[in-house]
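Participant: Provided below for reference: sequence and predicted model.
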There are 2 protein chains.
Amino acid sequence: MGKAEDTKARLERAALTLFVARGVAETTTKEIAMAASVAEGTIYRYFPSKEQLALDLFLHHHQGLAEALAEAQRPAKGLRAKIETIVRCYCEWADRDWTLFAYHLLNQHSFLIQVPDGAPNPVTVVRDVISQAMKAGEIPRRNVDLVAASAIGVVMQAATYKVYGRFTGALSDHVRFFADAAWAVLAVKEK
Amino acid sequence: MGKAEDTKARLERAALTLFVARGVAETTTKEIAMAASVAEGTIYRYFPSKEQLALDLFLHHHQGLAEALAEAQRPAKGLRAKIETIVRCYCEWADRDWTLFAYHLLNQHSFLIQVPDGAPNPVTVVRDVISQAMKAGEIPRRNVDLVAASAIGVVMQAATYKVYGRFTGALSDHVRFFADAAWAVLAVKEK
DNA sequence: TGAAATTGAGTGATTGCTCACTTATAAAAT
DNA sequence: ATTTTATAAGTGAGCAATCACTCAATTTCA
């Protein structure tokens, strides 16, 4: 790794850690610089602004996750199998870099509106898979956005509570349960 | 309503609306005052600080919701019935004051750690109900915090996507689905 | 008339960002 | 090899702007 890339990586990691611990608005550029062992001015060699740094971190993870999910579910046949691969991919992604994952989870509200139209999006991947399954008659036809939200919530809320420290251990340990639960949500009988 | 109470209520509503639209840190005291049609100094007659105003708004809703949920589920017999009353109560609470609800939903991460120990807590209510049902053998024994998170996620993630504008209509319209789905999550068979 | 409520200019502290300058690294010239 | 030149990387004091909060003066109202 070149010197410059190393500095940039250190800045990103320092910012990430502070953003998760204290929030984006509450973190100062001076703190980021100190944590990365550089001068404040150095931040601006690599990022045009603090806001852009925060957005870059978010989008990088957001699109990377979306592509990984799309890739993971493609070979799987049938909704049940697709759910499991998606859940597994998501959990492994989370466990691999928990700080980055927590940052993404805690700051969706601020950044989601800034995701470019047509850019890879984890939610779209899931939505499309569910939509396909409805067309194929694998699950009851319902409001796709509603059931997608509920199915996603099964995993995301658990991840959120892990961020809060309400339970411990790797997310991946519960892939089977998440997949079963998400499936159960999608398969709820109409009455 | 007395004049003072009216001013306080106007300030709270103005702050709430701005906090949801732009975020707490991004909203200035000047803006709040303007939106409430009072001078900036007036804020400090009713609240010791902007932070305390934001926290008050959160805690008021948080504890009110917790008490309503606890009250609602008490008379219901059996987990299935309890789930439905809890879900219905939650959705009605959300539909009744959507701005307040959205504020609570979007700012959990910042304020949840500041909830006093032992204070009424919506999550605790749900957790206890599930814990009871496990003891009674109504559902499989599992990590309570994990399954509680997933069950709660079924409703909360849908609510979140409604905040994002991904779908429309009242949350209450989907009580039956949410209850069925949450039940399905809790009842997932062990293998 | 006196207490309560409201005002808004003023204050001190903070913050993101700039920029003139230094240091490190590499390339070119002698 | 050594010096010169060029470029990239890093620095940190300082600036302009913002913001939460104060308080002496004013208005409201019982």
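Facilitator: On my side now, so go ahead. Numbering: from 1, shown residues only, chains lettered A, B, ... in the order given.
Participant: downstream neighbour of the top helix by length along chain A in the secondary structure list?
Facilitator: Using DSSP state H, we find that the single longest helix of chain A is helix A:50-73. Using DSSP states H and E, the helix or strand that follows helix A:50-73 in sequence is helix A:79-96.
Participant: the helices in chain A, which residues?
Facilitator: Going by DSSP H, chain A shows helices at A:3-22, A:29-35, A:40-46, A:50-73, A:79-96, A:98-106, A:108-111, A:122-135, A:144-163, A:175-186.
Participant: near DNA strand C, anything from the second one?
Facilitator: Yes - using CB under 7 Å from any atom of the strand as the criterion, contacts between helix A:29-35 and DNA strand C involve A:29, A:30. C-beta: built from backbone N, CA, C; applies to glycine.
Participant: Now the longest helix of chain A: average pLDDT?
Facilitator: Averaged across helix A:50-73, pLDDT comes to 98.
Participant: Any residue of it touching DNA strand C?
Facilitator: Yes - shown here: helix A:50-73 in contact with DNA strand C (CB under 7 Å from any atom of the strand) through A:50, A:51.
Participant: thinking again about what came up before, nearest to residue B:165, out of the helices of chain A?
Facilitator: Of all the helices of chain A, it is helix A:144-163 that lies closest to residue B:165, at 10.2 Å by CB to CB.
Participant: out of the helices of chain A, nearest to DNA strand D?
Facilitator: helix A:40-46 (1.7 Å; CB to the nearest atom of the strand).
Participant: any residues touching that closest one, and which ones?
Facilitator: For helix A:40-46, contacts defined as CB atoms under 8 Å, 6 or more residues apart in numbering or on different chains pick out A:7, A:8, A:11, A:29, A:30, A:32, A:33, A:36, A:50, A:53.
Participant: near DNA strand D, anything from that helix?
Facilitator: Yes - counting by CB under 7 Å from any atom of the strand, DNA strand D has neighbours in helix A:40-46: A:40, A:41, A:42, A:44, A:45.
Participant: Which positions in chain A make contact with chain B?
Facilitator: Counting by CB under 8 Å from any CB of the partner chain, the residues of chain A lying close to chain B are A:23, A:25-26, A:106, A:109-110, A:112, A:142-143, A:145-147, A:149-150, A:152-158, A:160-161, A:164, A:166-167, A:174, A:176-178, A:180-181, A:184-185, A:187-189, A:191.
Participant: Which pLDDT value belongs to the spatially closest residue to residue A:157 that is not a sequence neighbour?
Facilitator: Nearest residue to residue A:157, sequence neighbours excluded (CB to CB, 6 or more residues apart in numbering or on different chains): residue B:153, at 2.7 Å. Per-residue pLDDT puts residue B:153 at 98.
Participant: which ones are touching residue B:153?
Facilitator: Applying CB under 8 Å, 6+ apart to residue B:153 gives the contacts A:150, A:152, A:153, A:154, A:155, A:156, A:157, A:158, A:160.
Participant: Residue A:80: which of those is nearest?
Facilitator: Using CB to CB, the contacts of residue B:153 come closest to residue A:80 at residue A:154, 14.6 Å.
Participant: Test my guess that that closest one contacts residue A:180.
Facilitator: No - assessed by CB atoms under 8 Å, residue A:154 is found out of contact with residue A:180, at 9.5 Å.
Participant: Which one of the two is surrounded by more residues?
Facilitator: residue A:154 (32 against 22; other CB atoms under 10 Å in any protein chain shown).
Participant: which residues does that one contact?
Facilitator: Residue A:154 neighbours (CB under 8 Å, 6+ apart): A:178, A:181, A:182, A:185, B:150, B:153, B:154, B:185.
Participant: Likewise for residue A:134?
Facilitator: Contacts of residue A:134 (CB under 8 Å, 6+ apart): A:140, A:141, A:142, A:144.
Participant: Give me the buried subset of those residues.
Facilitator: Buried members of the contacts of residue A:134, counted by 16 or more other CB atoms under 10 Å in any protein chain shown: A:142, A:144.
Participant: Going by contacts, tell me the helices and strands next to the least confident helix or strand in chain A by mean pLDDT.
Facilitator: Least confident helix or strand, chain A: helix A:3-22 with a mean of 94, by mean pLDDT, DSSP states H and E. Secondary-structure packing of helix A:3-22 (3 or more CB pairs under 8 Å, 6 or more residues apart in numbering or on different chains; DSSP states H and E): helix A:29-35, helix A:40-46, helix A:50-73, helix A:98-106.
Participant: Specify the angle between it and helix A:98-106 in degrees.
Facilitator: Between helix A:3-22 and helix A:98-106, the angle comes out at 60 degrees (axes from the mean of the first three to the mean of the last three CA atoms, to 10 degrees).
Participant: Check the offset of helix A:3-22 from the chain's centre.
Facilitator: 18 Å (CA atoms, centre = their mean, to the nearest Å).
Participant: buried ones in it?
Facilitator: A:7, A:8, A:11, A:12, A:13, A:14, A:15, A:16, A:17, A:18, A:19, A:20.
Participant: try stretch A:95-113
Facilitator: For stretch A:95-113, by 16+ other CB under 10 Å, it's A:100, A:101, A:102, A:103, A:104, A:105, A:106, A:107, A:108, A:109, A:110, A:111.
Participant: which two from these end up farthest apart in space?
Facilitator: Every pair of the buried residues of stretch A:95-113 checked by CB to CB; the farthest is A:100 and A:109, at 17.2 Å.
Participant: Spell out which residues of chain A are next to DNA strand D.
Facilitator: So chain A meets DNA strand D at A:2, A:3, A:4, A:7, A:37, A:38, A:39, A:40, A:41, A:42, A:44, A:45 (CB under 7 Å from any atom of the strand).
Participant: residue contacts, the fourth one?
Facilitator: If you count contacts by CB under 8 Å, 6+ apart, residue A:7 has them with A:36, A:38, A:42, A:46.
Participant: Most neighbours of all these, which one?
Facilitator: residue A:36 (21 neighbours).
Participant: That's all I had, so thanks and see you.
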